[in-house]
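Novice: Give me a 3D structure for the following:
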Amino acid sequence: MRRLLLILVLASWQALPWAGESIAVVAAAGSRLDKLSLDTVKLIFKRKSMVNAYGDRWIPVNLPPAHPLRRIFSLAVFDALPEDMEEYWNEQYFQGINPPEVLSSEEAVLRFVAATPAAIGYVRQAQADARVKILLRIPSTGDLGEPP
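Specialist: Next up, the predicted model:
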């Protein structure tokens, strides 16, 4: 079933005008960080890593669950679609941990990340501009790995 979902999401991704672009995980241009690993990004967005190497509290932001980029990001990072993460976030909520804030568009992510120290988000690589620094590039074509 996961394989079918991955195929459907990738097929819809390929139909978009920005198909094939990498996903850029970004922080403010002035961030002291230079790069992040995929494992670190996973921990940040699952709210398992709350503070960066400089002691600043991470502020991860997501796109809406139905946004194609969010769906590809979720598959690449968590091996799950956003709706598959609902149970996880319900459990976290009862431990006092909220999911990342959701912003309406890539432009909103860029503006927020650029203006907020320790914020981290993701956009299409082509959208990343001088306001932000790319900390990780995630391939958006078939290199998302095998579903469990």
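Novice: which residues of the chain fall in strands?
Specialist: All strands of the chain, identified by DSSP state E, fall at 23-28, 59-62, 101-102, 119-124, 132-138.
Novice: nearest to residue 51, of these?
Specialist: With CB to CB as the measure, strand 59-62 is the member of the strands of the chain nearest residue 51 (11.0 Å). Bear in mind the C-beta positions are built from the backbone N, C-alpha and C, glycine included.
Novice: my guess is residue 132 contacts residue 30, does it?
Specialist: No - taking contacts as CB atoms under 8 Å, residue 132 lies outside contact range of residue 30: 9.8 Å.
Novice: Same drill for these two, tell me which one is more crowded.
Specialist: More neighbours surround residue 132 than the other of residue 132 and residue 30, with 25 against 10 (other CB atoms under 10 Å).
Novice: Next, the contact list for the nearest residue to that one once chain neighbours are set aside, please.
Specialist: Using CB to CB, 6 or more residues apart in numbering and skipping the chain neighbours, the partner closest in space to residue 132 is residue 26 (4.0 Å). Applying CB atoms under 8 Å, 6 or more residues apart in numbering to residue 26 gives the contacts 109, 110, 113, 120, 121, 122, 123, 128, 132, 133, 134, 135.
Novice: No further queries at this time; thank you.
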